[in-house]
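**Q** sequence first, then the predicted structure:
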Amino acid sequence: MEEPMYPTASKDIAKKREELAPEILKTFRAFSHQVFVDGALPSKTKELIAVAVAHVTQCPYCIRSHTRSAQLKGATGMEIMEAIWVAAEMRAGGAIAHSALAIDVMNEEKATSK
């Protein structure tokens, strides 16, 4: 049987994280909480943004936790999937935009070979 790529989140891992850097974790938790409260953007919208970003950063833990949070804040499956499609478009758009670097190198190579 194949080993999973990521360990399952557990109380032991959370405890170890807290033991190794308690003040930083406390500060991070406070920051994280504050980011997701209603403000100029409603918290549901912030969770949908987080779902999209989690897909771009490819964080499986974030995908799971923010999808759950988005659902708890009233996001529908259609809204969540649409946020994921926005992420997919942005990721693909980044690849297209960065192709300018490869084209630049190819143009340099063409200029030096003449």
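**A** That came through fine.

**Q** show me what the longest helix along the chain is packed up against.
**A** In the chain, taking DSSP state H as the definition, the longest helix is helix 77-112. Helix 77-112 sits against helix 43-57, helix 60-72, with contacts defined as 3 or more Cβ pairs under 8 Å, 6 or more residues apart in numbering; DSSP states H and E. Backbone N, C-alpha and C define where each C-beta goes, glycine included.

**Q** residues touching the last one, excluding its own?
**A** Meaning helix 60-72. 6, 9, 36, 44, 47-48, 50-51, 53-55, 79-80, 83 (Cβ atoms under 8 Å, 6 or more residues apart in numbering).

**Q** list the buried residues for that helix?
**A** 63, 65-67, 69-71 (16 or more other Cβ atoms under 10 Å).

**Q** give me the angle between that helix and helix 43-57.
**A** 160 degrees (axes from the mean of the first three to the mean of the last three Cα atoms, to 10 degrees).

**Q** okay if I get the buried residues of helix 60-72 as CSV plus pLDDT?
**A** Listed next are the buried residues of helix 60-72 as CSV, based on pLDDT from 0 to 100:
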residue, pLDDT
I63, 97
S65, 96
H66, 98
T67, 98
S69, 98
A70, 98
Q71, 98
